[in-house]
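Trainee: next one to model:
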Amino acid sequence: VLNWLRSGKPDDEDGSSSFKKVDSMLPYKKGQTPEDRAKDIEGALDWMRRNNVAPEEVDEELPSFDTVSSVPISRRSPEERKRDLDSVLNWLRSGKPEVGEDSPAGDFKKIDGMLPSKKGQSPEDRARDIEGALDWMRENDISP
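Mentor: Numbering: from 1, shown residues only. Down below sits the predicted model:
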């Protein structure tokens, strides 16, 4: 493979069509030496041989990438989420007192009842789980 690369990638050598096919499929790495490129091509050919894949069987045209929609982010500011986290943590530390259904602590109680407890979970971790679920519910217009 290295000799093929060094001689300008001619088409007339045995196996050169396989080399050329794999060479066209592999991405070039920044600062890649011919030796490194030859190792990559040889590694790909070895993998193809072990998996009974002939380079000629591989479609040259790769499917195009689809555009990924935007990643949802919280509409609440980090400060608001921190306040919620602190409120949940205070509620947990005060023994989960009974409160009215309309208060934020009522939401904490509902979510606390829905989420499974984890063995050895600290109050801080539990508060993060409750706040995360509450934030997700708000983002998806779901009332607790």
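Trainee: just confirm E42 contacts V1, I think it does.
Mentor: Yes - assessed by Cβ atoms under 8 Å, E42 is found in contact with V1 at 5.1 Å. C-beta here means a position set from N, CA and C on the backbone, and glycine is covered the same way.
Trainee: who has more neighbours out of those two?
Mentor: V1 (21 against 14; other Cβ atoms under 10 Å).
Trainee: quick one: residues contacting that one.
Mentor: 19, 38, 41-42, 45 (Cβ atoms under 8 Å, 6 or more residues apart in numbering).
Trainee: how close does the residue lying closest to V1 once chain neighbours are set aside get to A54?
Mentor: Nearest residue to V1, sequence neighbours excluded (Cβ to Cβ, 6 or more residues apart in numbering): A38, at 4.3 Å. Using Cβ to Cβ, to the nearest Å, we find A38 at a distance of 20 Å from A54.
Trainee: just S94 next, same as before
Mentor: According to Cβ to Cβ, S94 stands 69 Å off from A54.
Trainee: helix or strand right after the helix or strand bottoming out on mean pLDDT in the chain?
Mentor: Counting by mean pLDDT, DSSP states H and E, the weakest-scoring helix or strand in the chain turns out to be helix 2-6, with a mean of 73. Going down the chain from helix 2-6, the next helix or strand is helix 16-25, by DSSP states H and E.
Trainee: just checking, what packs against that following helix?
Mentor: helix 34-50 (3 or more Cβ pairs under 8 Å, 6 or more residues apart in numbering; DSSP states H and E).
Trainee: which strands or helices does the following helix or strand past the helix it packs on pack on?
Mentor: Using DSSP H and E, the helix or strand that follows helix 34-50 in sequence is helix 78-93. Helix 78-93 sits against helix 104-114, helix 123-139, with contacts defined as 3+ Cβ pairs under 8 Å, 6+ apart.
Trainee: to R75, which of these lies closest?
Mentor: Closest to R75 of those is helix 123-139 (Cβ to Cβ; 6.4 Å).
Trainee: and the angle for that closest one with helix 78-93?
Mentor: Taking axes from the mean of the first three to the mean of the last three Cα atoms, to 10 degrees, helix 123-139 and helix 78-93 form an angle of 130 degrees between their directions.
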